[in-house]
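Visitor: let's see this in three dimensions:
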Amino acid sequence: MDLPSISLQQFQNFLLCLARITALIASIPAFGSDQIAARSKIGLAMVLTVLLFPAMAPYTPQTPLSMVWFGVLLVNEALIGILIGLVVQMVFAAVSFGGTVVGYQMGFSAANIFDPQTSQQLSLMSQFANILALLVFLTLDLHHFFFRAIVESFALLPPGPLDFSPGAFDNLMRQASHMFVLGVKFSAPVLALLLLANLVLGIFARVFPQLNVFMLSFPLNIGIAFLVIGLTFPAISSILRREFDSMGENILTLLHLLK
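Guide: Numbers count the residues shown, from 1 in each chain. All right, here's what the predicted structure looks like:
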């Protein structure tokens, strides 16, 4: 049985699709973790490219490309995949920032652990917040969203030169600034209660000089923080869900600005 012949144009288009999908898989949560072997990521990218290539083929170049232009488009495709993943990573960075602030106020600033997802040393509460956000991410089946986002990104922004207009940079900066606002929202309830607790302890220290406020503050701050986190867990999950729901709109806006 004769194997179907593959033209140079089809092979180039396949590699362009593979570059965008590989960059996206390497930059989104769950799949982009260092816990997953590189060969597994490459294998998943290859399988997804083979499955989705028929849907993406109409939006790829219809004539063979020169080697120089093909190399430029490969870099552009990898950059698009990274930018799509960056939109999601900003939400997780905000959660990690909020967890770090909470952990510092609780007295866990010196208690860091190794995070296998980022290969960095993170505070205990930051790691806890990351795992919580990842569970919400997987519960909402948002990892399936990227399969559709890949095809839609090709329909909206086919392989070609990117327009890094001021609007695209402004959009990225606006999303980055929102990351800090979101981090403050996560940590605000705990910070408010801990500030009130420290104020009360300060008053007690003035009224009862014999009271060892320093030793009392550690278990009190930890207990209050965990109590507030447990009580505000539904609100935190709601905020995460709202941010993840707006993720698709943010990605589409960014792709529109890169056209």
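Visitor: export stretch 93-105 as PDB, just CAs?
Guide: Output for stretch 93-105, consisting of C-alpha atoms alone and laid out as PDB, is shown next (Å, rounded to 0.1, in the frame of the first residue of the first chain):
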ATOM      1  CA  ALA A  93       0.700  34.500  39.800                       C
ATOM      2  CA  ALA A  94      -1.900  36.600  41.500                       C
ATOM      3  CA  VAL A  95      -3.000  33.700  43.700                       C
ATOM      4  CA  SER A  96       0.700  33.000  44.600                       C
ATOM      5  CA  PHE A  97       1.300  36.700  45.400                       C
ATOM      6  CA  GLY A  98      -1.800  36.700  47.700                       C
ATOM      7  CA  GLY A  99      -0.700  33.500  49.400                       C
ATOM      8  CA  THR A 100       2.800  34.900  49.900                       C
ATOM      9  CA  VAL A 101       1.400  38.000  51.600                       C
ATOM     10  CA  VAL A 102      -0.900  36.000  53.800                       C
ATOM     11  CA  GLY A 103       1.900  33.600  54.800                       C
ATOM     12  CA  TYR A 104       4.200  36.500  55.700                       C
ATOM     13  CA  GLN A 105       1.600  38.000  58.000                       C
END
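Visitor: pLDDT on that stretch, on average?
Guide: The average of the pLDDT scores along stretch 93-105 is 83.
Visitor: cool, stretch 160-175 as well?
Guide: Stretch 160-175 comes out with an average pLDDT of 78.
Visitor: which residues sit against it?
Guide: Counting contacts by Cβ atoms under 8 Å, 6 or more residues apart in numbering, the residues outside stretch 160-175 that touch it are 72-73, 76, 79-80, 83, 86-87, 90, 250, 253-254, 257-259. C-beta coordinates here come from the backbone N, C-alpha and C atoms, glycine included.
Visitor: distance of residue 130 from residue 101?
Guide: Computed as Cβ to Cβ, to the nearest Å, the residue 130 to residue 101 distance reads 14 Å.
Visitor: err, residue 182, not the other one
Guide: In this structure, residue 182 lies at 12 Å from residue 101, with Cβ to Cβ as the measure.
Visitor: please apply the same query to residue 108.
Guide: With distances defined as Cβ to Cβ, the gap from residue 108 to residue 101 amounts to 11 Å.
Visitor: ok so, going back, and the contacts of stretch 160-175, which are buried?
Guide: Neighbour counting over these (16 or more other Cβ atoms under 10 Å) leaves 72-73, 76, 79-80, 83, 86-87, 90, 250, 253-254, 257-258 as the buried ones.
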